[in-house]
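Student: Sequence below, structure please.
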Amino acid sequence: MPSVPRQPAGPSPVPRPPAPAPVAEGPGRRRTAFAEGFDQLRAAATTEPGRLRIIGAALALLVVLFGAVTAWQTNDRAAAADDVLHKSQPLSSAAADIYRYLADANTAASSGFLAGGQETAVSRDRYEKDIDLAAAGLVKAASNSDPDSPAAKTVAELNTLLPEYKGLVERARTYNRQGFPVGGAYLRYANEKMQEEMLPKAQNLYTSENQRLRADYDAATPYPWAAIGLGVLALAGLAWAQHRNYRRTNRVLNHGLVAATATATVVLLWLVVGHTVARAGLDDSYDHGVRSLNVLHDARIASLKARGNENLTLVARGAETVTVKDEKTGEDVTYDAYDHDFDKDMDTLGKGLAEASRLADDSTGKKPVTAAEGNMKVWKERHTAARAQDDNGNYEEALNRVIGGKGATGECFDSVDTNLANALKHEEAEFRQAAGDGLGAMTGLSVGAAVLAVLGAAGAVLGIGRRLSEYR
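Tutor: Predicted coordinates:
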């Protein structure tokens, strides 16, 4: 008979309840990818390989960001410096030339009128050349002006006024050759249109172009602080990583991190030194170029206006007067309007020449300004003598002392204009040299920074990768 197995003594074991089935999380309880990624990153940071990977990624990103911001900021500044050299300053000078051509055309027209039937071909050609150059300058200004800008509007208005002015001058010449006194009225009307409408608009154009030039300087010269700050931060991060590596391994150098530090240092030094040199060159081009050019342009314009008013004094023969209050006596005094304006223009010319002499930083630039000052002094003396002859009724003698040959005031005016042209030519060369040096200091910096930043990031990744290989 088979035996029956015996039950173990003691109480029977209590069976364990089955594990509950997993409950699927609802849509509202699902964790975001960001939260899961953060948990994975936190878990990785608890191990040395994970920490190294995070450090390597952060260093590479920081170096690349440093290079990108450096390339961006230096590229913007280099573009602004290029505009200073090749666009805004030449356009500013072109606007000043438009003013000068218009003023010189007005002067040539009055000189030809005074000569009457004896007008020379040289005087006529000078007038026509000035008108053509002014028209060409307006075309250039229009092509470089933004549509619907104040400068574009001013150019359009001058293009409308220029043929009107030419028509008035031609009528004045026609009547003058026929001996009709009305010719003088037409010339005065033409001069009024030039002085009260055209030249103020040309001055506005010159002012707007100077403002654009100043804006380009303001964009080209500020230090790229964002790039510099990122460069310092990148070097600090690389130094910290190498110090951490030394403390854990007792190895002084990590070739990859050293290479990254070297490239970041080169970029930072290149950035700071290059921009400092560029800034110095641009500042020098403004202080010893643009400022001198502006003063010389103003002085040349004043001399042209003075010459025109001197001629018109003889054309009008006292028909135009102005009443001003005497500063000493407080009484009203009446002067010939054009002779009064001549005195004001000569005062402006004298102040401009004195300022130009002060700004000249070498003998080559100062010599023509000094010569112009001497010419101006003789011009004022000869003008006083001519006015004395006219006041005494000797009109022909006064006319000869103004538009005659040797010993006339026209000789002094021509000398002033020639010397100012030479001074302008010298200062333009000084500007181009200094601004070119400033632009050259930033050449290649944006591309070089980008390339070195990529190499630096690769070095940081390789350096950290070398440490990671020790854990495999």
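
Student: where in the stretch 101-250 of the chain is pLDDT low?
Tutor: 116-119 (pLDDT under 70).

Student: Apply 90 and report the result again.
Tutor: Counting by pLDDT under 90, the stretch 101-250 of the chain shows low-confidence ranges at 103-104, 106-127, 140-153, 170, 172-192, 194-196, 203-212, 241-250.

Student: ranges for the helices of it?
Tutor: Under the criterion DSSP state H, counting those that start in this stretch, the stretch 101-250 of the chain carries helices at the ranges 121-143, 150-177, 182-193, 199-220, 225-249.

Student: Out of these, which is closest to Gly67?
Tutor: Closest to Gly67 of the helices of the stretch 101-250 of the chain is helix 225-249 (C-beta to C-beta; 8.9 Å). C-beta here means a position set from N, CA and C on the backbone, and glycine is covered the same way.

Student: just how off-centre is that closest one within its chain?
Tutor: 37 Å (C-alpha atoms, centre = their mean, to the nearest Å).

Student: helix or strand right after that helix?
Tutor: Downstream of helix 225-249, the next assigned helix or strand under DSSP states H and E is helix 255-285.

Student: packing partners for the helix or strand immediately after that following helix in the chain?
Tutor: Per DSSP H and E, the first helix or strand lying C-terminal to helix 255-285 is helix 291-316. Judged by 3 or more C-beta pairs under 8 Å, 6 or more residues apart in numbering; DSSP states H and E, the packing partners of helix 291-316 are helix 89-115, helix 182-193, helix 199-220, helix 337-359, helix 363-391, helix 395-403, helix 409-441.

Student: sorry, back to before: among the helices of the stretch 101-250 of the chain, which comes closest to Asp414?
Tutor: Counting by C-beta to C-beta, Asp414 lies closest to helix 121-143 out of those; the figure is 10.8 Å.

Student: Against which helices or strands is the closest one packed?
Tutor: Helix 121-143 packs on helix 89-115, helix 150-177, going by 3+ C-beta pairs under 8 Å, 6+ apart.

Student: One more pass at 10 Å, please.
Tutor: Counting by 3 or more C-beta pairs under 10 Å, 6 or more residues apart in numbering; DSSP states H and E, the packing neighbours recorded for helix 121-143 are helix 89-115, helix 150-177, helix 199-220.

Student: gap between the nearest residue to Asn245 once chain neighbours are set aside and Thr409?
Tutor: Residue nearest to Asn245 in three dimensions, not counting chain neighbours: Asn254, with 5.3 Å by C-beta to C-beta, 6 or more residues apart in numbering. Here Asn254 is placed at a distance of 82 Å from Thr409 (C-beta to C-beta, to the nearest Å).

Student: And for Pro368?
Tutor: For Pro368, the distance to Thr409 equals 20 Å [C-beta to C-beta].

Student: returning to what we had before: now distance to Phe66 and mean neighbour count too, for the helices and strands packed on helix 121-143, in JSON lines please.
Tutor: JSON lines is the format used below for the helices and strands packed on helix 121-143 (distance: least, C-beta to C-beta, whole Å; neighbours: other C-beta atoms under 10 Å):
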{"stretch": "helix 89-115", "distance to Phe66": "33", "mean neighbour count": "25"}
{"stretch": "helix 150-177", "distance to Phe66": "39", "mean neighbour count": "18"}
{"stretch": "helix 199-220", "distance to Phe66": "22", "mean neighbour count": "20"}
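
Student: Select, out of those, the one closest to Ala81.
Tutor: That would be helix 199-220 among the helices and strands packed on helix 121-143, by C-beta to C-beta, at 4.2 Å.

Student: from the chain's centre, how far out does that closest one sit?
Tutor: Using C-alpha atoms, centre = their mean, the offset of helix 199-220 from its chain centre is 8 Å.

Student: Return the list of helices and strands in contact with that helix.
Tutor: Judged by 3+ C-beta pairs under 10 Å, 6+ apart, helix 199-220 is in contact with helix 48-83, helix 89-115, helix 121-143, helix 150-177, helix 255-285, helix 291-316, helix 409-441.

Student: Among the ones you listed, which comes closest to Thr334?
Tutor: Taking those one by one with C-beta to C-beta, helix 291-316 is closest: 13.9 Å.

Student: And that closest one, how far out from the chain middle?
Tutor: Helix 291-316 sits 27 Å away from the centroid of its parent chain (C-alpha atoms, centre = their mean).

Student: buried ones in that helix?
Tutor: For helix 291-316, the neighbour count (16 or more other C-beta atoms under 10 Å) marks 291-316 as buried.

Student: give me the low-pLDDT residue ranges for the stretch 351-472 of the chain?
Tutor: Applying pLDDT under 90 to the stretch 351-472 of the chain picks out residues 361-363, 390-407, 410, 441-446, 453, 456-472.

Student: what about 70?
Tutor: Along the stretch 351-472 of the chain, the parts satisfying pLDDT under 70 run over 471-472.

Student: Turn the helices of the stretch 101-250 of the chain into a markdown table, including distance to Asp39.
Tutor: A markdown table is the format used below for the helices of the stretch 101-250 of the chain (distance: least, C-beta to C-beta, whole Å):
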| stretch | distance to Asp39 |
| --- | --- |
| helix 121-143 | 62 |
| helix 150-177 | 60 |
| helix 182-193 | 81 |
| helix 199-220 | 47 |
| helix 225-249 | 24 |
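
Student: so which of the ones you listed gets nearest Gly440?
Tutor: With C-beta to C-beta as the yardstick, what comes closest out of those is helix 199-220 (13.0 Å).

Student: Ser93 is in contact with Lys140, correct?
Tutor: No: counting by C-beta atoms under 10 Å, Lys140 does not reach Ser93; the two are 11.2 Å apart.
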